[in-house]
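>>> This is a predicted model, with the sequence first.
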Amino acid sequence: MYSSSSSSSSSSSQGPIEVQRVSYSRFRRRIIRRSGSGGPAASTPLDTWRRPRFELDAVRQRLQLDSPPKPREPARRETANAPRSFFTAGRPATEDPPEQGWVWRTAVPEHGGAKPAGSDERRRALQPFALLDQTPVSQRGESVMKLAAPSLLNDYYTNLLDCSCNGMIALALGSSVCLWDSESRALAGSLDTSPQPGRGRHRTPAVSCLSWSGDGSALCVGTRRGEIQLWDVECKRNMSCLPSHLSVVRGLSWKQQLLSSGSALGRIHHLDPRAPAALVGAAVQEDGVCGLQWSPGGDRLASGSTEGRLRIWGGGISGVTRSRQPIITMTQPSAVKAMGWCPWQRQIIATGGGWTDGELRVWDTDSGTCVTSANTNSQICSLRWAEQKRRLVTGHGLPHHQVHCWSWEFPSLRPVGQLSGHSHRVLHLAVNPDGTQLFSAGADQQFHIWDACMLVLYPPKPQLPTALPNQ
């Protein structure tokens, strides 16, 4: 029970104070009535509707990485007479078509317009693929060119760099994808994912992975919101929005005209963009996918997991089923993110270990055994095979942030060179079609071009002994 004085303290001398007892229900009604009038109510026993938000901020920040907040429901648009995409033909008529927020913007020089004094160099330094440094002659273990890669995500589980069979480089910078011609060394265009005017920034998720098709005509892009976009680069248009995942898309790989995608929830989708119903097969693994790659012959699919499992799946993908099982499963102590099939030995695949492991392993997928391994004493963030040079290239994190080159002759794996130039971990690697250039992108937001001849000519620098021998 709650009480309040019915008379002021000045009347205390006139006798005992009369106390009015108020029931809780009446007190509650008064509080609600007063709160509705605009003024704050003091000493209310009721929970207010304005709860402090600081308790949930940390949780929301963590969830923002994998599951961005769902935008407010926009007003329903009239779509009865709107044309329907070929890839949305199987959807209900009442469902809105997917929003196409991706716009092709060709990179052209800017002319005219007054610019503040002293801002030209600062603006150029922030442009994608702007020249930061160039070496006229290849130096020992140094990159030929150093270019800017602003807004490159420092995320170990992303795959943001790929080179097509035509030598076109695709590099995802935040929510945009920039295309750079490695032959002409010029910016060819970009896929801009910026939201339409008046819409929140959270409607534009960052790109999490990308992959060129085998003929180099199509580029597939996956986002942190689970979206999968297919772009026709020759016609410069968005061809379709393929069936998406419910979590981050962490892996994309092509098998001729078939596209496979893997998500952070462990779902693997097999998509045929030519079919009315693009989803033609699926598989599920217990842990999240962080690497996905078809073998050169297309008869096997390798999926790496966040729990250190390397699974090899058969080439048959028809049917959506949860009972599908991998042919063989191999394990290592850390996540299997850096991985790659050997181009000239089809059953061989190499994987790199994370920070707690640092081991480079070569596996025989027929027997499921590790053929050989080498301890790098650093996080292996990326891995590529250079077929023409018969080399294996790995990108590393701490302590030196280098690119290491390895010679592989079954069953021997030995280091043959190291390239230095990044100041932070080397997250992504790519090799051009003729094997003459190696590309790397690091967490220092720099893009390096290396002369591939250095993969053969320059051995690693000798290490000084830790202690002098007794004389």
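Yep, it's here.
>>> all contacts plus neighbour counts: C-alpha atoms, from now on.
Fine.
>>> which other helices and strands contact the helix or strand hosting Ala282?
Counting by DSSP states H and E, the element that carries Ala282 is strand 279-284. Contacts defined by 3 or more C-alpha pairs under 8 Å, 6 or more residues apart in numbering; DSSP states H and E place strand 279-284 against strand 267-271, strand 319-320.
>>> Buried deepest among the ones you listed, which one?
strand 267-271 (a mean of 23; mean count of other C-alpha atoms under 10 Å).
>>> can you list contacts of it?
Outside strand 267-271, the residues that touch it by C-alpha atoms under 8 Å, 6 or more residues apart in numbering are 242, 245, 258-262, 278-285, 288-289, 317.
>>> what about the helices and strands packed on strand 279-284, which gets the closest to Ile348?
strand 267-271 (22.0 Å; C-alpha to C-alpha).
>>> got the angle between the closest one and strand 279-284?
160 degrees (axes from the mean of the first three to the mean of the last three C-alpha atoms, to 10 degrees).
>>> Mind listing the strands strand 267-271 pairs with, and their directions?
The strands that strand 267-271 pairs with in its sheet are strand 258-263 (antiparallel), strand 279-284 (antiparallel) (by DSSP bridges).
>>> now the ones you listed in TSV, with mean neighbour count and distance to Ser303?
Listed next are these as TSV, based on neighbours: other C-alpha atoms under 10 Å; distance: least, C-alpha to C-alpha, whole Å:
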stretch	mean neighbour count	distance to Ser303
strand 258-263	24	8
strand 279-284	19	11
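>>> Same list (those) but as TSV, adding distance to Leu171 and mean pLDDT.
Output for the strands paired with strand 267-271, formatted as TSV (distance: least, C-alpha to C-alpha, whole Å; pLDDT from 0 to 100):
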stretch	distance to Leu171	mean pLDDT
strand 258-263	18	96
strand 279-284	27	92
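>>> Dump those strands to TSV, plus distance to Gly304.
Listed next are those as TSV, based on distance: least, C-alpha to C-alpha, whole Å:
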stretch	distance to Gly304
strand 258-263	10
strand 279-284	13
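>>> right, and the ones you listed - which one's nearest Asp192?
strand 258-263 (21.9 Å).
>>> any residues touching the closest one, and which ones?
226, 245-254, 268-273, 288-292.
>>> Inside helices: which ones of these?
The members of the contacts of strand 258-263 all map outside helices under DSSP state H.
>>> Which of those fall in strands?
Here DSSP state E is the test, and the contacts of strand 258-263 give 249-254, 268-271, 289-292 as lying in strands.
>>> out of these, which one sits closest to Val233?
Looking across the ones in strands among the contacts of strand 258-263 and measuring by C-alpha to C-alpha, the closest to Val233 is Trp254, at 16.0 Å.
>>> what's across from the closest one in the sheet?
Going by DSSP bridges, Trp254 forms beta bridges with Leu259.
>>> and the gap between it and Arg30?
67 Å (C-alpha to C-alpha, to the nearest Å).
>>> which one of the two has more residues nearby?
The neighbour comparison of Trp254 against Arg30 (other C-alpha atoms under 10 Å) goes to Trp254, with 21 against 13.
>>> Distance check, that one against Leu191.
In terms of C-alpha to C-alpha, Trp254 sits 20 Å off from Leu191.
>>> still on that earlier bit, how about the strands paired with strand 267-271, which one is nearest Ile312?
The nearest among these, by C-alpha to C-alpha, is strand 279-284 at 11.9 Å.
>>> ok so, going back, state the pair within the ones in strands among the contacts of strand 258-263 that is farthest apart.
Farthest pair in the ones in strands among the contacts of strand 258-263, by C-alpha to C-alpha: Leu271 and Cys290, 18.4 Å.
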